[in-house]
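A.B. asks: give me coordinates for this.
(chains A and B)
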Amino acid sequence: GNSVTQMEGPVTLSEEAFLTINCTYTATGYPSLFWYVQYPGEGLQLLLKATKADDKGSNKGFEATYRKETTSFHLEKGSVQVSDSAVYFCALSDGGGGADGLTFGKGTHLIIQP
Amino acid sequence: EAGVAQSPRYKIIEKRQSVAFWCNPISGHATLYWYQQILGQGPKLLIQFQNNGVVDDSQLPKDRFSAERLKGVDSTLKIQPAKLEDSAVYLCASHSSLTYNEQFFGPGTRLTVL
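C.D. replies: From the prediction side, this is the model:
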């Protein structure tokens, strides 16, 4: 079956630090990969996505590259801000049209200190 | 456009009682999902509907959980009888073929079983 493994949290960084949150996956086919974010008191929001190998998803200064050879989709940001404090979920979907249910990792709680 | 609506936002019940959650997806979205998010874990897919038909309910505990989407629009998820381990946030999401690969999540219903 499909599975997603991401680094345990909480991850605590100072403002303007470089961020990496590791994510690896196991899938039977050629999945699409996602990062979702959950800000305090809010619902899950799509942060970025990549649908095929070597694609790079980017949004709000965050980036992740779909690496088929290492089955990874690590999230990076060059300079984090206090407002980036949230829980980040890596997820995959098997369906080519994106309609299949998502398989999520456990989430990584990110805390940015001023 | 309005997002995914869920109600109630919070519910507290005693074990062995029954409970129902309601979801209204984004207008025109044919695919609807129910996820269960236990504290400290990522969301887990319970059931997926395409219009009013079930696509995937392989992870739904059918001895106590049921769901329906009779007119292909809004949906109800029911638990009867509830157990302590059902305490979680129940998330509804929807998807359209026009929003390739993106699922839109509602705010969730937080269930506490005492």
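
A.B. asks: mind checking how far the spatially most central residue of chain A is from chain B?
C.D. replies: For chain A, residue A:35 is the residue whose C-alpha lies nearest the centre (C-alpha atoms, centre = their mean; 3.2 Å). Shown here: residue A:35 relative to chain B, a distance of 12 Å by C-beta to the nearest C-beta, to the nearest Å. Using the backbone N, CA and C atoms, a C-beta is placed for each residue, glycine as well.

A.B. asks: confirm that that residue sits in a strand.
C.D. replies: Yes: assessed with DSSP: H, G, I helix; E, B strand; the rest coil, residue A:35 lies in a strand.

A.B. asks: got a list of what the closest residue to it other than its chain neighbours touches?
C.D. replies: Of all residues not flanking residue A:35 in the chain, residue A:47 sits nearest, at 4.4 Å (C-beta to C-beta, 6 or more residues apart in numbering or on different chains). Residue A:47 makes contacts with A:34-37, A:59-60, A:62, A:75, A:88, as judged by C-beta atoms under 8 Å, 6 or more residues apart in numbering or on different chains.

A.B. asks: next: residue B:25.
C.D. replies: By C-beta under 8 Å, 6+ apart, the contact set of residue B:25 is B:4, B:32, B:73-75, B:92-94, B:104.

A.B. asks: buried ones among these?
C.D. replies: Taking 16 or more other C-beta atoms under 10 Å in any protein chain shown as the criterion, what is buried in those is B:4, B:32, B:73, B:75, B:92-94, B:104.

A.B. asks: so which of the residues you listed reach chain A?
C.D. replies: The residues of those that also fall near chain A, by C-beta under 8 Å from any C-beta of the partner chain, are residue B:93.

A.B. asks: neighbouring strands for the helix or strand residue B:34 falls within, and are they parallel or not?
C.D. replies: Residue B:34 belongs to strand B:31-37 when assigned by DSSP states H and E. Sheet pairing here is set by DSSP bridges, and for strand B:31-37 it gives strand B:44-50 (antiparallel), strand B:88-95 (antiparallel).

A.B. asks: deepest of these, which one?
C.D. replies: Sort the strands paired with strand B:31-37 by mean neighbour count, taking mean count of other C-beta atoms under 10 Å in any protein chain shown, and strand B:88-95 sits at the top with a mean of 24.

A.B. asks: what is the helix or strand just after that strand packed up against?
C.D. replies: Note on strand B:88-95: by DSSP H and E, the next helix or strand toward the C-terminus is strand B:104-105. With contacts defined as 3 or more C-beta pairs under 8 Å, 6 or more residues apart in numbering or on different chains; DSSP states H and E, strand B:104-105 has these neighbours: strand B:88-95.

A.B. asks: how far does the strand it packs on sit from its chain's centre?
C.D. replies: In terms of C-alpha atoms, centre = their mean, to the nearest Å, the centre of strand B:88-95 is found 5 Å from the chain centre.

A.B. asks: what about residue 81, how many residues nearby?
C.D. replies: Since no chain was named, I'll use chain A. Counted with other C-beta atoms under 10 Å in any protein chain shown, the neighbours of residue A:81 add up to 13.

A.B. asks: think we crossed wires, I meant chain B
C.D. replies: With neighbours defined by other C-beta under 10 Å, the count for residue B:81 comes to 15.
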